[in-house]
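Kindly generate the corresponding structure for this input.
(one chain, ligands or ions: 1)
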Amino acid sequence: MKVTGKTAVYGIFGYPVKHSLSPLMQNAAFRELGIDAVYVPFEVPPESLKEAVDGVRALGIKGLNVTVPHKERIVEFLDYLSDDAEILSAVNTVKNENGRLTGYNTDAEGFLRSLLEEGVDLEGKRALMFGAGGAARAVGYALLKGGVKFLNIVNRNFPRAKAVGELLGKRGNVLVYPLKESTVDILLKDIDLIVNTTSVGMKPEDPVLFDYSKIPEGITVIDIIYNPPETPLLKSARKKGCKTVNGLGMLVHQGAVAFEIWTGEKAPVETMRAVLKRELYGGNP
Ligand code: ATR
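Numbers count the residues shown, from 1 in each chain. Purely as a prediction, here's the structure:
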């Protein structure tokens, strides 16, 4: 890669940021399209966020991704917000136009594009979503946008579920429940779609969210976890003849939407996916 005086700079703000896969994915995309740009990680401590955003303006950094723990707090330092960022009160992408910074949220759109690519139609579906964190907000919002008939949200911490329910309840039929076996048993009888947005399933020692032998046969089960590529939830679902989707597509597409916002060019999605697969799974699944 040749970096010259004309090379544009993009980056990601996170804390920590060491494990981010975005630099790999975005640099591959710039390279593929022959765009003279580099994308670098910036480890920004929470107390330095305002100065870091001022630095984006001062240094002419063209665009950013934003990750944990800055997605919500960065909002107050930006000039404009897209509709999705405003609704979710969270930003994962920033575009700098001559010092005017606009915040976007590409998580919901990325999730929807990944389902489109997998042939999952949300229209009229009955959905059960686990989790009530930042990811759940974006995914729940996307499910409603995609036309689900209703969205049941289950979370271990019930007050958090209620807060997400309040936000999303303005956009469709949303009901919230605590994570309890007897409750999940009943909910499982009346659904077409299960979505996991919790971190449960990332580590081998993780508990299960519910008894996976009770997954209804032939429904669609989505896990936004991408590593491992097949969580215990997805494995059980596959054995039940369910259509399964993991989180790699969402990761790729949230990045692709960001790339398109910055460059105005169609993102090289397959190149982006290929570098991630190689990095995460050694090119296996
Ligand atoms: P993110 O921004 O990725 O959504 P988060 O805000 O930390 O991350 O949310 C993590 C989600 O995983 C939450 O819904 C959390 O449940 P609580 O709100 O009850 O903490 C869920 N989660 C994590 N570990 C869990 C576990 N062992 N059992 C059930 N849910 C769990």
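
Quick check: buried residues in the helix or strand harbouring Ala237?
Assigned by DSSP states H and E, Ala237 belongs to helix 232-239. Neighbour-count burial for helix 232-239 flags 232-234, 236-237 (criterion: 16 or more other CB atoms under 10 Å). The C-beta positions use only the backbone N, C-alpha and C, and glycine is treated the same way.

cool, stretch 61-77 as well?
Buried residues in stretch 61-77 (16+ other CB under 10 Å): 61-67, 69-71, 74-75, 77.

in what helix or strand does Tyr10 lie?
Using DSSP H and E, Tyr10 sits in strand 8-14.

does that strand come close to the ligand?
No. Residues of strand 8-14 are not located near the ligand by CB under 6 Å from any ligand atom, the shortest gap being 12.3 Å.

Paired strands for that strand, with orientation please.
Partners of strand 8-14 in the sheet, by DSSP bridges, are strand 37-43 (parallel), strand 63-66 (parallel).

who does whatever helix or strand comes next after the first one touch, helix- and strand-wise?
In other words, strand 37-43. Sequence-wise, the next helix or strand downstream of strand 37-43 (DSSP H and E) is helix 49-59. Judged by 3 or more CB pairs under 8 Å, 6 or more residues apart in numbering; DSSP states H and E, helix 49-59 is in contact with strand 8-14, strand 93-97, strand 100-104.

With the ligand in mind, check whether the helix holding Ala237 reaches it.
No. Remark: helix 232-239 sits outside contact range of the ligand, by CB under 6 Å from any ligand atom, the gap being at least 11.9 Å.

roughly how far out does that helix sit from the chain middle?
21 Å (CA atoms, centre = their mean, to the nearest Å).

which residues touch it?
Counting by CB atoms under 8 Å, 6 or more residues apart in numbering, the neighbours of helix 232-239 from elsewhere in the structure are 194, 196, 200-201, 206, 208-209, 212-213, 215, 219, 221, 223, 230, 244, 246.

Tell me the buried residues in stretch 168-188?
By neighbour count on 16+ other CB under 10 Å, the buried set for stretch 168-188 is 168-169, 172, 174, 176-177, 179, 184, 187-188.

so what pLDDT did the most centrally placed residue in the chain get?
For the chain, the residue lying nearest the average C-alpha position, counting by CA atoms, centre = their mean, turns out to be Asp107 (4.1 Å). Reported pLDDT at Asp107 in the predicted model: 98.

again with Glu181
With respect to pLDDT, Glu181 scores 96.

Also the one 3 residues further on?
The predicted local confidence for Val184 comes out at a pLDDT of 98.

now do Met1
Looking at Met1, its pLDDT stands at 78.

List the residues that contact it.
Contacts of Met1 (CB under 8 Å, 6+ apart): 27, 31, 38.

Tell me, how many residues neighbour the first one?
Right, Asn27. By other CB atoms under 10 Å, the residues close to Asn27 number 17.
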